[in-house]
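Participant: okay, structure incoming, though there's no sequence with it:
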């Protein structure tokens with residue numbers, strides 16, 4: 001079993017930055033593929049960024065160049081640095097993990113955090 005706990009959400013003005021963190025406990029973290037998803041009000045949950053167990057990163061077009069995902073296997077954490085935020089980034093952000101599957105669909109991930117709210121005002 002893996003438990004994921006996100007932190008770092010909050011409110012920020014457009015153009016600002018936030019850094020989200022997700023702490024994992026349980027099984028061997030370094031073997032897991034990790035991702036961040038976001039869900040805006042009234043919308044489906046969508047892939048934002050992912051990092052494989054080998055360190056390969058992927059980004060949704062909407063965040064490419066503004067968001068950076070990173071992992072620290074020694075600390076069992078995955079982070080999402082978000083820069084140049086816009087009101088369209090307002091959403092609940094979820095950390096996700098899976099030991100074998102990796103991709104853009106939320107159905108691929110077996111473990112989820114509770115989510116953290118990010119609100120960007122104009």
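Facilitator: Done, it's in. Because the structure is predicted, anything quoted here is derived from the model rather than measured. Numbering: from 1, shown residues only.
Participant: list the contacts of the closest residue to residue 63 other than its chain neighbours.
Facilitator: Excluding the flanking residues, the one nearest residue 63 by C-beta to C-beta, 6 or more residues apart in numbering is residue 48, at 5.3 Å. For every residue, glycine as well, the C-beta is placed using N, CA and C. Counting by C-beta atoms under 8 Å, 6 or more residues apart in numbering, residue 48 touches 35, 36, 37, 38, 59, 60, 62, 63, 67, 80, 93.
Participant: and residue 103, what does it touch?
Facilitator: By C-beta under 8 Å, 6+ apart, the neighbours of residue 103 are 47, 50.
Participant: quick one: it is in a helix?
Facilitator: No - counting by DSSP: H, G, I helix; E, B strand; the rest coil, residue 103 falls outside a helix, being coil.
Participant: before we move on, what SS does the residue most central in space within the chain have?
Facilitator: Centroid-nearest residue in the chain: residue 36, 2.2 Å away (criterion: C-alpha atoms, centre = their mean). The three-state assignment at residue 36 reads strand, by three-state DSSP.
Participant: hmm, it is touching residue 94, no?
Facilitator: Yes - taking contacts as C-beta atoms under 8 Å, residue 36 lies within contact range of residue 94: 7.0 Å.
Participant: so who does residue 113 touch?
Facilitator: Neighbouring residues of residue 113 by C-beta under 8 Å, 6+ apart: 4, 5, 6, 22, 94, 95, 96.
Participant: can I have the buried ones of those residues as a ChimeraX selection?
Facilitator: To isolate the buried members of the contacts of residue 113 in ChimeraX, using 16 or more other C-beta atoms under 10 Å:
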select :4,6,22,94,95,96
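Participant: from the contacts of residue 113, which ones fall inside strands?
Facilitator: Of the positions in those, 4, 5, 6, 22, 94, 95, 96 sit in strands, assigned by DSSP state E.
Participant: and the residues you listed as TSV, adding distance to residue 72 and pLDDT?
Facilitator: Converted to TSV, these look like this (distance: C-beta to C-beta, whole Å; pLDDT from 0 to 100):
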residue	distance to residue 72	pLDDT
4	14	96
5	15	96
6	15	97
22	11	97
94	19	98
95	13	98
96	17	98
